[in-house]
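K.L.:
Quick one: sequence and predicted model below, then my questions.
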Amino acid sequence: MSNRIFVAIDTPDLERARALATRVRHHVGGLKLGLEFFCANGPAGVRAMEEIGLPVFLDLKLHDIPNTVAKAVQSLAPLAPAILTVHAAGGRAMLEDAKAAAHPDTKVVAVTMLTSLDERDLADTGVGGSAHDHVMRLADLARAAGLDGIVCSGAEVKAAHRAWPKGFFVVPGVRPANGAAGDQKRVVTPRQALDDGASILVIGRPITQAEDPDAAARAIEATL
Ligand SMILES: O=C(O)c1cc(=O)[nH]c(=O)n1[C@@H]1O[C@H](COP(=O)(O)O)[C@@H](O)[C@H]1O
């Protein structure tokens with residue numbers, strides 16, 4: 001994949017999603033559709049976005065008992081997304097069953113610790129220790145369960161990639177130098193994330209909220 005930016009199309013409005021994706025399509029490598037889009041538009045919306053001709057990353061962050069997640073993944077299999085997310089915290093059986101139920105061409109990746117969290121948030125959920133240790137533990141679990149890779153922040157991707165050289169590493173929470181972090185807490189620049197081993201970058205608002213999204217995507221691409 002030459003362009004490793006997946007633009008996060010976070011809107012419930014299909015027409016806006018289509019217009020945005022069409023505008024930036026020459027300066028991104030794929031489209032990421034998340035809960036906001038999927039809850040409003042469902043599988044038909046995903047198919048409509050597939051027509052744009054870029055790989056689709058379906059980011060539903062599934063997290064439930066193994067049977068429920070496996071059945072959900074099975075229902076999504078006809079869409080054959082390039083990438084699908086589940087939460088690593090769902091545990092080994094859930095991860096194994098999700099991978100087994102997915103379309104063979106889909107990379108199933110496990111979200112480790114959301115980039116919107118810091119160590120204080122982690123402690124609030126009853127998990128002690130550092131973000132680094134938590135991500136490394138969940139990355140080991142994802143690998144042992146046969147997943148294709150993980151989602152983590154740019155702060156952990158170097159160590160995670162070293163421990164799992166063949167893994168596929170999705171890094172969101174990336175911001176161009178001087179970019180507004182918003183609700184993201186563990187943030188790095190796109191260049192840094194790629195240098196440290198990210199396979200793809202997920203970038204939303206720095207592109208989608210820009211006055212000229214295509215120019216913003218082009219400017220970020222130029223730094224890579
Ligand atoms: O799985 C994800 O894509 C994801 C995981 C994570 O830990 N943090 C995270 O921000 N994301 C997604 O990445 C995108 C980031 O958007 P921006 O903060 O606007 O660049 C959103 O669509 C999030 O849902």
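P.N.:
Great, that's in hand.

K.L.:
Flag every residue of this structure that's near the ligand.
P.N.:
Residues of the chain found near the ligand (CB under 6 Å from any ligand atom) are 8, 10, 34, 59, 85, 111, 114-115, 151, 172-173, 182, 184, 202-206. All C-beta spots, glycine's among them, are computed from the backbone N, C-alpha and C.

K.L.:
Weed out the non-buried ones from those residues.
P.N.:
Among these, those classed as buried by neighbour count (16 or more other CB atoms under 10 Å) are 8, 10, 34, 59, 85, 111, 114-115, 151, 172-173, 184, 202-206.

K.L.:
I'd like to know which of those residues are part of strands.
P.N.:
Judged by DSSP state E, those include 8, 34, 59, 85, 111, 151, 202, 203 as members of strands.

K.L.:
Can you add pLDDT and give the residues you listed back as a markdown table?
P.N.:
Output for these, formatted as a markdown table (pLDDT from 0 to 100):
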| residue | pLDDT |
| --- | --- |
| 8 | 98 |
| 34 | 97 |
| 59 | 98 |
| 85 | 98 |
| 111 | 98 |
| 151 | 98 |
| 202 | 98 |
| 203 | 97 |
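
K.L.:
Correct me if wrong: residue 95 contacts residue 145.
P.N.:
Yes: counting by CB atoms under 8 Å, residue 95 does reach residue 145; the two are 3.6 Å apart.

K.L.:
hey, what's in contact with both of these two?
P.N.:
Common contacts of residue 95 and residue 145 (CB atoms under 8 Å, 6 or more residues apart in numbering): residue 110.

K.L.:
Comparing those two, which shows the higher neighbour count?
P.N.:
Between residue 95 and residue 145, residue 95 has the larger neighbour count (other CB atoms under 10 Å), namely 26 against 21.

K.L.:
How many residues are close by residue 42?
P.N.:
Using other CB under 10 Å, residue 42 is surrounded by 10 other residues.

K.L.:
give me the residue from the protein nearest the ligand.
P.N.:
Residue nearest to the ligand within the chain: residue 204 (2.6 Å; CB to the nearest ligand atom).

K.L.:
Tell me the spatial nearest neighbour of residue 58, not counting adjacent residues.
P.N.:
Using CB to CB, 6 or more residues apart in numbering and skipping the chain neighbours, the partner closest in space to residue 58 is residue 81 (3.9 Å).

K.L.:
how many neighbours does the one you found have?
P.N.:
25.

K.L.:
again with the one 3 residues further on
P.N.:
Using other CB under 10 Å, residue 84 has 27 neighbouring residues.

K.L.:
That one reaches residue 55, doesn't it?
P.N.:
No: between residue 84 and residue 55 there is no contact under CB under 8 Å: 11.9 Å.

K.L.:
Touching, residue 25 and residue 51? I think so.
P.N.:
No: between residue 25 and residue 51 there is no contact under CB under 8 Å: 11.4 Å.

K.L.:
Tell me where the chain is predicted with low confidence.
P.N.:
1 (pLDDT under 70).

K.L.:
need the helices for it, in chain order.
P.N.:
Counting by DSSP state H, the chain has helices at residues 14-24, 35-50, 66-76, 92-101, 119-124, 131-144, 157-163, 190-195, 205-208, 213-222.

K.L.:
Give the bridge partners for residue 171, please.
P.N.:
Residue 171 forms beta bridges with residue 201, as assigned by DSSP bridges.

K.L.:
what residues are up against it?
P.N.:
So residue 171 contacts 151, 152, 153, 154, 157, 188, 193, 198, 200, 201, 202 (CB under 8 Å, 6+ apart).
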